[in-house]
Every structure is written in structure tokens, then in C-alpha cells.
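Undergrad: sharing a model that was predicted from the sequence below.
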Amino acid sequence: NAGVTQTPKFRILKIGQSMTLQCTQDMNHNYMYWYRQDPGMGLKLIYYSVGAGITDKGEVPNGYNVSRSTTEDFPLRLELAAPSQTSVYFCASSSPDPGNQETQYFGPGTRLLVL
Amino acid sequence: DAKTTQPPSMDCAEGRAANLPCNHSTISGNEYVYWYRQIHSQGPQYIIHGLKNNETNEMASLIITEDRKSSTLILPHATLRDTAVYYCIVRVPRTYKYIFGTGTRLKVLA
């Protein structure tokens, strides 16, 4: 299993441009998450999904959109890039075990620089 | 809300036990405590989780107080490769959201 894969690894955007960060998992996990991590800070939840066709907002959803058309893929869309969106973006997936225990598996991250 | 509090940084001598505390006084009765670590800027890596009882695996031990308001992650014989940021997290009740704080930056010293 490749686990959670993210593309691209690094991207530079100009202010106002748009892009899609890709996330794919091959573990057949129902739950998927997008986090952002600013320098020296912890992770903040942007959006999450509990299954295909179901998404919901996290702590910091403004400026982002998501979709979940398949179990495997959970792309994150930035419509009008702003310098405040310069960050490292992590995708994660999990699946509940009996007793509702969930271990999240993280991808390697996408570094985004908005200039 | 589901929030955890951890010291911002700790040092530990190589070969000694590293004890990392976490306060989660608002945890609800059926929510687990999870520990992850992040080495450099890699994606966080799962370490261990627990509900009430103490837990141990090949990476670490987790001690949860009887009132469940705090826990301690124990790395029994810290190595230089254990230098990382350690996060203690809980789920927001009745949601699928997990709140990561700023974690504890553990530095293992040679």
C-alpha cells in the first residue's frame, strides 16, 4: 500500500491564482481530512469528509473548497490564492475501528508559497 | 471544546525516559486520547492512543489518570531519532474533528 499520497510536493502561486491540491489514499478509509500547518504552529483542520459525497468544515475553511466523489480521492481547491494561504498542507485518512477508535494516516504534505 | 494543553518544549538525555505530559480536562467520557509525533516537517505519525487504561506498544507507553483529565506519554529509552514535536489530541465530541495544539517540542540530547 502506498498509504496517503499528495501532489504536488511544492508549488509557488501568484496572488489571485487558483490550484487544486491532490490527495489519494489506497487504504479504503472512509474518513479523510485536510490540515494546514503554518511555520512553528500546530495543524489546523480545514475540511473533512466522512465518505463519498459528504464533506464538512473544520476550523479554518475560508478560502478553500473540497469535494469527495470517490472513497480514494479528496482534492482541496484554492480559488483565489492569498499570501495568508502560504503554508504546508497535510492530507490524512482514517477508518473507525470497533469502539470508534480512529488512527489517522498522514501524507507527506504539500508546501505552498503564495507571492 | 476539546482542547489539550502541553508544555512547549522539553529536553531529554539520550537513553533516559522521556515523559511528556498532556492536560485534557474537558475530555468527554467516551473519547480517546491520541498521540502523534512530527519529525522535521514530515506528516505526523501515529504513536499510541488510549481511553481509560494504560497502554503500551513498541513505540511508547501511555499513562492516563483515573479522572482522565491528563495523560503522560513515555518514551522509555529516548534516542536522537525521537527528537520531534509530540501532539496529544482528542476528538471534538459528536463530531469527526480533531484539534491539534502546538504540541511539545522534544529535543533528545547526546
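TA: Okay, I see it. Predicted model, so just to flag it, every value in this text is computed and none were measured.
Undergrad: what sits against residue 106?
TA: Because you didn't say which chain, this covers chain A. Contacts here follow C-beta atoms under 8 Å, 6 or more residues apart in numbering or on different chains; on that basis residue A:106 touches A:4, A:90-92, B:43-45. No exception for glycine: its C-beta is placed from N, CA and C like everyone else's.
Undergrad: wrong one, I was asking about chain B
TA: By C-beta under 8 Å, 6+ apart, the contact list for residue B:106 reads B:9-12, B:18, B:20, B:78, B:82-86.
Undergrad: and it, bridged to which residues?
TA: In this structure, residue B:106 has beta-bridge partners residue B:10, residue B:84, where bridges are defined by DSSP bridges.
Undergrad: ok, it to residue A:60 distance?
TA: Computed as C-beta to C-beta, to the nearest Å, the residue B:106 to residue A:60 distance reads 26 Å.
Undergrad: you'd agree residue B:81 is in a helix?
TA: Yes: secondary structure of residue B:81, determined by DSSP: H, G, I helix; E, B strand; the rest coil: located in a helix.
Undergrad: going along the chain, name the strands of the chain.
TA: No chain in the question, so chain A it is. A:4-7, A:10-13, A:19-25, A:31-37, A:43-51, A:54-57, A:64-66, A:76-78, A:87-94, A:105-106, A:110-114 (DSSP state E).
Undergrad: oops, wrong one, chain B.
TA: Here chain B has its strands, by DSSP E, at B:9-13, B:18-23, B:33-38, B:45-50, B:55-56, B:61-64, B:70-75, B:84-90, B:104-109.
Undergrad: next, the buried residues of the fourth one.
TA: Taking 16 or more other C-beta atoms under 10 Å in any protein chain shown as the neighbour-count basis, strand B:45-50 is seen to contain the buried residues B:46-50.
Undergrad: same check, this time on the second one
TA: Taking 16+ other C-beta under 10 Å as the neighbour-count basis, strand B:18-23 is seen to contain the buried residues B:18, B:20, B:22-23.
Undergrad: and the furthest pair within the contacts of residue A:106?
TA: Between any two of the contacts of residue A:106, the greatest separation by C-beta to C-beta is 14.5 Å, found for A:91 and B:45.
Undergrad: quick one on the thing from earlier: distance to chain A added to the buried residues of strand B:18-23, as TSV?
TA: Below are the buried residues of strand B:18-23 laid out as TSV (distance: C-beta to the nearest C-beta, whole Å):
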residue	distance to chain A
B:18	19
B:20	15
B:22	13
B:23	15
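Undergrad: export those as a markdown table, with columns for pLDDT.
TA: Listed next are these as a markdown table, based on pLDDT from 0 to 100:
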| residue | pLDDT |
| --- | --- |
| B:18 | 97 |
| B:20 | 97 |
| B:22 | 95 |
| B:23 | 94 |
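Undergrad: so what's residue B:77 up against?
TA: Per C-beta under 8 Å, 6+ apart, neighbours of residue B:77: B:15-17.
Undergrad: near chain A too, which of those?
TA: Subset of the contacts of residue B:77 in contact with chain A: empty, counting by C-beta under 8 Å from any C-beta of the partner chain.
Undergrad: which non-adjacent residue is nearest whatever residue of chain A ends up closest to chain B?
TA: Per C-beta to the nearest C-beta, the residue of chain A with the smallest distance to chain B is residue A:106, at 3.2 Å. What sits nearest to residue A:106 in space, not counting adjacent residues and going by C-beta to C-beta, 6 or more residues apart in numbering or on different chains, is residue B:43, at 3.2 Å.
Undergrad: all set, thanks.
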